[in-house]
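**Q** attaching a predicted model along with its sequence, questions to come.
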Amino acid sequence: MFQLADLQLFVRVAAVGSMSEVARQMDLTPAAASATVKRLEAALESRLFERSTRSLRLTPAGETFLGYCEQALSLIDEGRARLRSGAQEVAGPLRLGAPSDLGRGVLPPVLDDFQRAHPGVQLTLHLSDSVQDLVREDIDLVLRYGEPRDSSLVARRLRDNDRVVCAAPSYLQAHPPIRKPVDLLRHNCICFFLHGEMHDQWTLTSRKGEAQRLQVAGDRSANDGAMVRQWAVAGRGVVYKSRLDVQADLDAGRLVPVLGGWRGEPTPLYVVYPSRRFQPARLRALVDHLAVYFAR
């Protein structure tokens, strides 16, 4: 009825939403890409896309067929890996997304251990502090902080986590003490921003349950969490970071937590991946490996 390449092109067009962009990615002409979709629609006797001069979106039939296509392509990919590496071996490509700090500071030894156990797996790591779109960015699974919002995805909680206010010893020695949240207003606070939104409102809760939300300010900010952490370690100011991201710095004394009687916002860590009936063995193996590591 149709070729494997037809299904691959259909899945990519559905994810990207642009026939011409997918044609460019796959080294095809737009006319060839359009002809492939039309051939697929003729074979299925169903219209897969609603087309206009400005938009391209899936029809209800296209949405239904997309899920089966993704499962079929995953099964074929898994089968190829099994044939290459042996039926019992976990192998094949895996694309993992993660926040920048977690990816640089925490994941390297975790992924090293995983690949030592499964040398047939080829890992690609996508680091970004934006919320990564698994389908559009062609990512198999992603690590995210905070409660999941997309009910169409499978989310497995890896561990509890919270934010912590901290600074380098050199900064704290040179500036007034921070004994209560309001003291932060007199300090240089290094902030994170994303998509034009500055995360300069820090929420802290006391042991008695009293919550305080402060709008802080400072002389620098960055859209990269690792850069914010690097500035803090260098003594440039106070930061409000995920505890997981700075735990090694806290353990080594490069950063010191302040406001010990106050707790930052909870930001549990999840691994998130598409909800499909079939999941490749390599994906299941990595999810289990991450769960074991973060449980420790």
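**A** Ah, there it is.
**Q** okay, and the beta partners of the residue lying closest to residue 143 once chain neighbours are set aside?
**A** Sequence neighbours aside, residue 98 is the residue nearest to residue 143 in space, at 4.4 Å (criterion: CB to CB, 6 or more residues apart in numbering). No exception for glycine: its C-beta is placed from N, CA and C like everyone else's. Going by DSSP bridges, residue 98 is paired in beta bridges with residue 127.
**Q** do residue 57 as well
**A** residue 50.
**Q** and the residue nearest to residue 143, how many neighbours does it have?
**A** Residues lying near residue 98 (other CB atoms under 10 Å) number 24.
**Q** try residue 234
**A** Residues near residue 234, counting by other CB under 10 Å: 12.
**Q** burial of the residue lying closest to it once chain neighbours are set aside, as a residue count?
**A** Using CB to CB, 6+ apart and skipping the chain neighbours, the partner closest in space to residue 234 is residue 168 (6.9 Å). By other CB under 10 Å, the residues close to residue 168 number 22.
**Q** I'd say residue 168 and residue 233 touch.
**A** Yes: contact criterion CB atoms under 8 Å: residue 168 and residue 233 qualify, at 5.8 Å.
**Q** common neighbours of these two, please.
**A** 254-255 (CB atoms under 8 Å, 6 or more residues apart in numbering).
**Q** low pLDDT regions in this structure?
**A** Residues of the chain that meet the criterion pLDDT under 70 lie in 1, 53, 78, 81-89, 276-278.
**Q** scan it for its longest helix.
**A** helix 60-85 (DSSP state H).
**Q** do you have the helices of the stretch 101-250 of the chain handy? List them.
**A** Under the criterion DSSP state H, counting those that start in this stretch, the stretch 101-250 of the chain contains helices at 107-117, 169-174, 225-233, 243-252.
**Q** can you lay out these as a markdown table showing distance to residue 30?
**A** Converted to a markdown table, the helices of the stretch 101-250 of the chain look like this (distance: least, CB to CB, whole Å):
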| stretch | distance to residue 30 |
| --- | --- |
| helix 107-117 | 38 |
| helix 169-174 | 55 |
| helix 225-233 | 38 |
| helix 243-252 | 43 |
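**Q** pick the most deeply packed of those.
**A** helix 225-233 (a mean of 21; mean count of other CB atoms under 10 Å).
**Q** contacts for that helix next, please.
**A** 99-101, 104-105, 129, 166-168, 171, 190-192, 220-222, 237-239, 241-242, 245-246, 249, 254-255.
**Q** now a PyMOL select for only the buried ones of the residues you listed.
**A** Selecting only the buried entries of the contacts of helix 225-233 in PyMOL, with 16 or more other CB atoms under 10 Å as the criterion:
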select buried, resi 99+100+101+104+105+129+166+167+168+171+190+191+192+221+222+237+238+239+241+242+245+246+249+254+255
